[in-house]
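Colleague: what follows is a predicted structure for the sequence shown.
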Amino acid sequence: MEIFKKFTFDSAHYLPHVSATHKCRRMHGHTYIVRLFVAGDLDPVLGWVADFGDVKAIWKPLEEQLDHRTLNDIPGLENPTAENLAIWIWRRVKPSLPALCRVEVCENPSSGVIYQGEYE
Ligand SMILES: [Zn+2]
């Protein structure tokens, strides 16, 4: 079974490698939506896959790094596409949450990415 926990944060960014006329080259902001998925078996006593509170606690320090920041200023996010942000999040969450199986990052309600560790 999989569970997920959803988080939101607000950040500015721009994409430095798109053409000069592309709108994403200009600084702008998103209310990002992140969902962290955790896979596992139900604990027979507790009846859950993982404690939502544990997932929230693992996320908290990342939110402090990302929220109300310019993503381009953060080491590893110099080119802060949603794809790169998902990988960045995965690499910081996975060591503390080995059962992490998917990171979703949405820049808005209609555009997002799913990362499942393909590049690790
Ligand atoms: Zn953007």
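Modeller: Nice, I can see it. Residues are numbered from 1 along each chain as shown.
Colleague: could you pull out the helices for the protein?
Modeller: Counting by DSSP state H, the chain has helices at residues 52-66, 82-93.
Colleague: dump those helices to a markdown table, plus mean neighbour count.
Modeller: Quick note: C-beta positions are derived from backbone N, CA and C, even for glycine. Formatted as a markdown table, these follow (neighbours: other CB atoms under 10 Å):
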| stretch | mean neighbour count |
| --- | --- |
| helix 52-66 | 15 |
| helix 82-93 | 19 |
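Colleague: who wins for proximity to V18 among these?
Modeller: Of all those, it is helix 82-93 that lies closest to V18, at 13.2 Å by CB to CB.
Colleague: how far off helix 52-66 does that closest one point, in degrees?
Modeller: 120 degrees (axes from the mean of the first three to the mean of the last three CA atoms, to 10 degrees).
Colleague: export helix 82-93 to CSV, keeping only CA atoms.
Modeller: What follows is helix 82-93, C-alpha atoms only, in CSV (Å, rounded to 0.1, in the frame of the first residue of the first chain):
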residue,chain,number,x,y,z
ALA,A,82,10.2,21.0,-11.5
GLU,A,83,12.1,17.9,-12.6
ASN,A,84,15.3,19.0,-10.9
LEU,A,85,13.4,20.1,-7.8
ALA,A,86,11.8,16.6,-7.6
ILE,A,87,15.3,15.0,-7.8
TRP,A,88,16.7,17.4,-5.2
ILE,A,89,13.8,16.6,-2.8
TRP,A,90,14.2,12.8,-3.4
ARG,A,91,17.9,12.9,-2.5
ARG,A,92,17.2,14.8,0.8
VAL,A,93,14.2,12.7,1.9
